[in-house]
Each structure stands twice: as structure tokens, then as C-alpha cells.
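# Any chance you can model this:
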Amino acid sequence: MTSQEADERTRQFIDSHRVARLATVDASGHPTVVPICYVFDGGRFYSAIDEKPKTVSADRLKRLMNLAVDPRISLVIDDYSEDWTQLGYVLVRGRADVIEPGGRDAKEHSKAVELLRERYSQYRTKAIDRRPIIRIEVTRVRRWTSKG
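Model prediction:
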């Protein structure tokens, strides 16, 4: 990570949440934001391209096509409440790429699969070990909370 490495409270916030929003941009600068399941190993985030029904094949997913032209991403993990004293978020900036099973990053892919299956029971029966995984190298982490 960077000099703005996730401190313990930030790490707890990240680990206690189940969904993040991943923002990518296409070659024209048009943003796309999608919710993702993720795991954080302390230095990198991973998100599987799973078999949930999609309208296009994995290689045609907008987020993957965007990453191919511009690897810069933002990731938001947040708490919203009608009680605005309970608001909070973690904003991550980084660079993402895709790792494939059997590729040059096969060992890292396998570890990411293991971590994702540990975190999400739904992945234990999914073939994420045979599918691409988004890897996010963190360049900046910022946590904000209305609690101070």
C-alpha cells in the first residue's frame, strides 16, 4: 500500500462490510459504477467475475472493458443512515487489472479464490476458480465518518 495505508479502524470498516461500489471509466471518460463483492488482504482488493446471470459474456462486461483501456479505479464502501450522525465511508483509489486462472498470476488467483470463498459462502459452490478476478492495487485510502 502507500503512506496512507489502511489503519486498524479503516481495516475493520472494510472487513465489516459486504458490498462496495466500483467506479471505472471508458476511453471517452464516461463513468460506470457497479456494486461488487470483495475481499481485502491488507494490500489488495479482489473481486470475482462470477456466474450470476449477466446480459453479456464476462469478456464483454463494461467494467472489464473499461479496465482494459484505463486501469484507474475508485472503490467506495459506505454506511448510510437517516441518522446522519452514523454516516461513514472508505474511499479507495487504485489501479486494477484482471488475473486469470492458469495465467502468470495463477498462484495469486488461487489465493484470491480461497479468500473470496472464505468470506462469501455463495462462492463455495461457484466456479470462480475458473473465472477472471479483478485485482486492485491500492494507491490511496481515505476513511471518513460523521463520528469524527
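
# Tell me who's in contact with the closest residue to residue 119 other than its chain neighbours.
Closest residue to residue 119 apart from its sequence neighbours, by CB to CB, 6 or more residues apart in numbering: residue 39 at 5.0 Å. In this view, the C-beta of every residue, glycine as well, is placed from N, C-alpha and C. By CB atoms under 8 Å, 6 or more residues apart in numbering, the residues touching residue 39 are 45, 46, 47, 112, 115, 116, 118, 119.

# Give the pairing partners of the helix or strand containing the second one; include direction for each.
It stands for residue 46. Using DSSP states H and E, residue 46 maps to strand 44-48. Applying DSSP bridges, strand 44-48 is found paired with strand 39-40 (antiparallel), strand 133-145 (antiparallel).

# winner for burial among these?
strand 39-40 (a mean of 24; mean count of other CB atoms under 10 Å).

# Off-centre distance for that one?
Centre-to-centre, strand 39-40 and its host chain are 7 Å apart (CA atoms, centre = their mean, to the nearest Å).

# Check the average confidence over that strand, would you?
Across strand 39-40, pLDDT averages out at 98.

# now swap in stretch 107-125 and tell me
Mean per-residue pLDDT for stretch 107-125: 97.

# residues in contact with it?
18, 37, 39, 41, 46, 48, 50, 99-101, 103, 128-129, 133, 135.

# Which of the residues you listed scores worst on pLDDT?
Per-residue pLDDT puts residue 50 lowest of the contacts of stretch 107-125, at 75.

# tell me, how many neighbours does that one end up with?
For residue 50, the count of nearby residues is 18 (other CB atoms under 10 Å).

# which residues of this structure fall in strands?
Using DSSP state E, the strands assigned to the chain run over residues 20-25, 31-36, 39-40, 44-48, 72-79, 88-99, 133-145.
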